[in-house]
Structures are given as C-alpha cells and as structure tokens.
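Chemist: 3D, please:
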Amino acid sequence: MIGTHSSSKSDHQPVQTGIMATISDYIALTKPGIMALLLFTTLGAMLVASASVPDFLLIVVTMLGGWMLAGGANTFNCVYDRDIDARMPRTAKRATASGRISALNATLFASFLTIGGFLVLGFGANWVAASIGLIGNFYYVVIYTMFLKRRTSQNIVIGGAAGAMPPLVGWAAVTGTIAAPAWILFAIIFYWTPPHFWSLALLKQGEYGRVGVPMLPNVSGEDETRKQIVLYTVMMVAVSLLLQPFGMGWIYLASAIILGGWFLRLALVLLMNPSKSAARRTFFFSIWYVAGIFLAMSVDRFILG
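Modeler: Reported below is the predicted structural model:
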C-alpha cells in the first residue's frame, strides 16, 4: 500500500506542475507588465473624471473589462508575431513563439478575452467605454501589428493611438462621454509612446534588424532617433500642462513640471552624450513617468477637488 501511494503521488505531481505552467504561459501572453501600466492609466482617468471616488463595483468592472480587451489584443499580437518572436532573445520564450501553445489555442483565448471584455464593459459600465476598448483592441491588432509594425519606421508613432485608449475607456466608464480632458490624457500617452519605445529600440536595434522590423534606429540611424526622442518628449511635456485649465491644481502642475523636466533632461543627455546606459535610463524612467503623472493627477483631484 505504501508503494502504491508513493507512485500515485509522484504521477500526480507533474500533472499539477504542467497545468500551472500552462496557465502561467497563457497569462504571459497578455503581457502583464504592459497591462499594469495600461490599467493604471485607466484608473487614473476614472479618478480624474469623477466628482468623487467612483463606485467600487464600477472600478472593478472597468479594470476587468479593460484587462480582458487589452489582454486579448496582446495575445493576438503574440500569435501574429510568433515567427519573429522566435528569433528575438527578448521574446523567444513566449509560449506562442516556442510552440508550447498552438496558434489556434492562443487565438481562441484571445477571442474569448476580447469578446468577454467587450461584454463586461458594456453591461457593467456602458457601451461607449466598451466600444472605445474594442476600437483600441482592433487598432493594436490590425492597424499596428498586421499593417504598420513590419512596414514603416513610424509604426510606434501611428500605432501609439492603441496604447493611448485606456484613459478614454476609464473616462467614458465614469461619464458615458469623452470630454476635452480625456483627449489630453490620450495625447499624453500618445506622445509618450515614441520616446518610450525608441529608447528601447536603441538598446535592441540588433534584434529588430535581424527580424526585419523597421524600427527608427535601423531605418534613420541612432542620431535621428535621439533627436526624435527629444522632440516627442517636448510635445509630451507641453501637452501634459494643458490639463491645468481643466481643474488640475498645484500638486499636478508641480509634478508635471518636475517629472516632465526630468524626462526631458534624460532625453537631452541621451542626445548629447549617447550611450546604452543613457538609453536604458531614459527607457526605465519613461515607465515611472507615466505612473507618476497619473498618480499626481489622482492625488491632486482627491486633495484639492
């Protein structure tokens, strides 16, 4: 009996491990790191749009629906790009690239998330928010992934509209409409996207070049890329200050100036003293910039009304 029990336990353990590994692979296809930033901008927009703290259930529903729609888009991206992902060290371990998850199963998963997210947002928040989320999903999958990414060095610029949709979703979930401040939030993310991704591209241009993705450093050179990073950073900072006339107080203004000023400083250092370390600092600070400025506007709204 002891021998039988021991054998049964050992047979059972790999099954559990396999199931957990598969679940982990599916979750990874949604790109949780990117997702966290997208959802944070969604929540920030909800807090700014609301005259008070939004209903907790509305926040939960909007976060869930937004996660599903964005996760569906990211999974579709992994399916379509599995050929080039397999040849890039940064993405080679993705389950679709390695074959651990088939293209069919990943597509079914992405479809479930997309349809489910649209319905969750539609019934739980409103159909304006759901429609904007679905447009963002479509834009990222079809316009960016299928048409822009492998064809033009402006892929990130034009495709950046997809990543800028979450604040619109959050605003619409609370108000049912899209007002001018929501478009400013959209614009902040839109102009932030090129400096963020081009600083990464300066670090990974060899990988992009080997798989034929025409990122700006590979097409126009590093010097032009650094100039464009500065240009878009200036526009991003300028746009961020446009929120001031729409009810933001001194907390947001001070934060926007400090965070934007530091971002611009890093971009200028990268331009004048180019190096991999300068590109790396710019890339990582860009993540903190988005988190910081959306946190600042939320705190400003809470404290100063």
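Chemist: Could you find the closest non-adjacent residue to the spatially most central residue of the chain?
Modeler: Centrality entry for the chain: nearest residue to the mean C-alpha point is residue 34, 4.2 Å, by Cα atoms, centre = their mean. Ranked by Cβ to Cβ, 6 or more residues apart in numbering and with sequence neighbours excluded, the top spatial neighbour of residue 34 is residue 74, at 6.8 Å. The way it works is simple: take the backbone N, C-alpha and C, and place the C-beta from them, glycine included.
Chemist: who's in contact with the one you found?
Modeler: 29, 30, 31, 34, 35, 140 (Cβ atoms under 8 Å, 6 or more residues apart in numbering).
Chemist: I'd like those residues as TSV, with pLDDT, distance to residue 162 and secondary structure appended.
Modeler: Below are the contacts of residue 74 laid out as TSV (pLDDT from 0 to 100; distance: Cβ to Cβ, whole Å; DSSP: H, G, I helix; E, B strand; the rest coil):
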residue	pLDDT	distance to residue 162	secondary structure
29	96	17	helix
30	96	15	coil
31	94	13	coil
34	89	11	helix
35	90	13	helix
140	97	4	helix
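Chemist: The longest helix belonging to the chain - contacts with which helices or strands?
Modeler: When the chain is parsed with DSSP state H, its longest helix is helix 180-211. When contacts are defined as 3 or more Cβ pairs under 8 Å, 6 or more residues apart in numbering; DSSP states H and E, helix 180-211 sits against helix 32-49, helix 155-163, helix 165-175, helix 216-220, helix 222-240, helix 250-272, helix 276-304.
Chemist: what packs against the shortest one?
Modeler: The one in question is helix 216-220. Against helix 216-220 (3+ Cβ pairs under 8 Å, 6+ apart) you get helix 180-211, helix 222-240.
Chemist: And for residue 63, the neighbour number?
Modeler: Neighbourhood size, residue 63 [other Cβ atoms under 10 Å]: 18.
Chemist: can you tell me the helix or strand for it?
Modeler: Using DSSP states H and E, residue 63 maps to helix 56-80.
Chemist: Could you tell me which residues within that helix count as buried?
Modeler: 58-59, 61-80 (16 or more other Cβ atoms under 10 Å).
Chemist: Residue 204 is in contact with residue 276, correct?
Modeler: No: taking contacts as Cβ atoms under 8 Å, residue 276 lies outside contact range of residue 204: 10.5 Å.
Chemist: of the two, who's got more company?
Modeler: residue 204 (18 against 9).
Chemist: What's the separation between the more buried one and residue 122?
Modeler: For residue 204, the distance to residue 122 (Cβ to Cβ, to the nearest Å) stands at 38 Å.
Chemist: now residue 210
Modeler: For residue 210, the distance to residue 122 - Cβ to Cβ - is 42 Å.
Chemist: what does residue 189 give?
Modeler: Taking Cβ to Cβ, one finds residue 189 at 23 Å from residue 122.
Chemist: now swap in residue 83 and tell me
Modeler: In terms of Cβ to Cβ, residue 83 sits 34 Å off from residue 122.
Chemist: and these two? which has more neighbours close in?
Modeler: Neighbour count, other Cβ under 10 Å: between residue 83 and residue 122, residue 122 has more, with 17 against 10.
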